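Student: Give me a 3D structure for the following:
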Amino acid sequence: MSWDGYLDNLCAQSQDHIVRCCIISLDGGSVWNTPTHAKALKITPAEGAKIAKAFKDKNFSSFMATGIHVEGQKFQFLREVEGKVMLGKKKGLGFVSFQSSKQAIICAFGSEDKQQGNANKGLSVVGDYLESVGY
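Tutor: Below you'll find the predicted structure:
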């Protein structure tokens, strides 16, 4: 199964407010999509593992203390919502948004000129769909 189509759908659902994105496993944080996809967010194995652990444990306190690291960049933790959504921002760079489903976490980055709210709507559409089909 190729997960790359979900990246294209995610960007379209966000009205192109998502610049790069990826889908990682809730169990360990491994990346499911092809890393060479044009819109692939390059989360390192350590970053993916830390994100997955926080969502699995529903404990985001480490991000509150040290920020969210994605592609080697540190984003300020903004908030989490019901253990399913996490939001971050870095002034001058942009934002990161995450939404978990039963087995996956959808990760998205948008640049400073994009709207995080539109990105979150796209995350919600794709995340809810994955959840509905057992992922």
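
Student: Could I get the full set of helices for the protein?
Tutor: 4-13, 45-57, 61-66, 116-132 (DSSP state H).

Student: and those helices as TSV, adding mean pLDDT, distance to residue 90 and mean neighbour count?
Tutor: Using the backbone N, CA and C atoms, a C-beta is placed for each residue, glycine as well. Output for the helices of the chain, formatted as TSV (pLDDT from 0 to 100; distance: least, CB to CB, whole Å; neighbours: other CB atoms under 10 Å):
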stretch	mean pLDDT	distance to residue 90	mean neighbour count
helix 4-13	92	20	18
helix 45-57	97	14	18
helix 61-66	95	13	13
helix 116-132	93	12	18
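
Student: Out of the ones you listed, which is closest to residue 83?
Tutor: Among the helices of the chain, helix 45-57 comes nearest to residue 83, with 7.1 Å by CB to CB.

Student: Run through the neighbouring helices and strands of that closest one.
Tutor: strand 20-25, helix 61-66, strand 68-70, strand 85-90, strand 94-100, strand 104-111 (3 or more CB pairs under 8 Å, 6 or more residues apart in numbering; DSSP states H and E).

Student: of these, which approaches residue 77 most closely?
Tutor: Smallest distance to residue 77 across the helices and strands packed on helix 45-57 (CB to CB): 4.3 Å, for helix 61-66.

Student: and that closest one, how far from the chain's centre?
Tutor: Centroid displacement of helix 61-66 relative to its chain, using CA atoms, centre = their mean, to the nearest Å, is 17 Å.
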